[in-house]
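Undergrad: Predicted model, plus sequence, below.
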Amino acid sequence: MSHTAPDPRRILTTGRAMMALAAIGMLVSTLVAYPLAERFSLGMQIAGHLALPVSAAFFKLGYVVRLAAHHALGNLQAG
C-alpha cells in the first residue's frame, strides 16, 4: 500500500479558505452578539457569543495549516 504525500498547494488553499470562512464567522457572530443584538432573540445572541471563540479557533487552525503548507513549499519567510 503506497501513501502519497498531500499536495502543499492544495493544503495552502485549504488553510486560506479556513481563514476566510472563520473571519466571516467572526464578523457575523460579532454583529449578532453586539451591535445588532436587539434585532435577534436571546438564543441567537447566545449562539453568537458561543460562535465567536469557536470561529477564532478555526481561524488560528487555518493559519497553522497555511504556515505548514508554506513550509512544505520551501517558503520559510511566510508569516
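TA: The structure has been received and is ready for your questions. Please read all numbers here as calculations on a predicted model, not as lab measurements. Numbers count the residues shown, from 1 in each chain.
Undergrad: Find the centremost residue of this protein, please.
TA: residue 59 (2.8 Å; Cα atoms, centre = their mean).
Undergrad: Tell me which helix or strand that one sits in.
TA: helix 42-72 (DSSP states H and E).
Undergrad: average pLDDT across that helix?
TA: Averaged across helix 42-72, pLDDT comes to 97.
Undergrad: Correct me if wrong: residue 61 contacts residue 21.
TA: No - assessed by Cβ atoms under 8 Å, residue 61 is found out of contact with residue 21, at 11.2 Å. For every residue, glycine as well, the C-beta is placed using N, CA and C.
Undergrad: just to revisit the earlier point, just checking, what packs against the helix holding residue 59?
TA: helix 8-33 (3 or more Cβ pairs under 8 Å, 6 or more residues apart in numbering; DSSP states H and E).
Undergrad: Just the mean pLDDT for the helix it packs on, thanks.
TA: According to the model, helix 8-33 has a mean pLDDT of 97.
Undergrad: quick one on the thing from earlier: now the helix holding residue 59: buried residues?
TA: Using 16 or more other Cβ atoms under 10 Å as the test for burial, helix 42-72 gives 45, 48, 51-52, 55, 58-59, 62-63, 65-67, 69-70.
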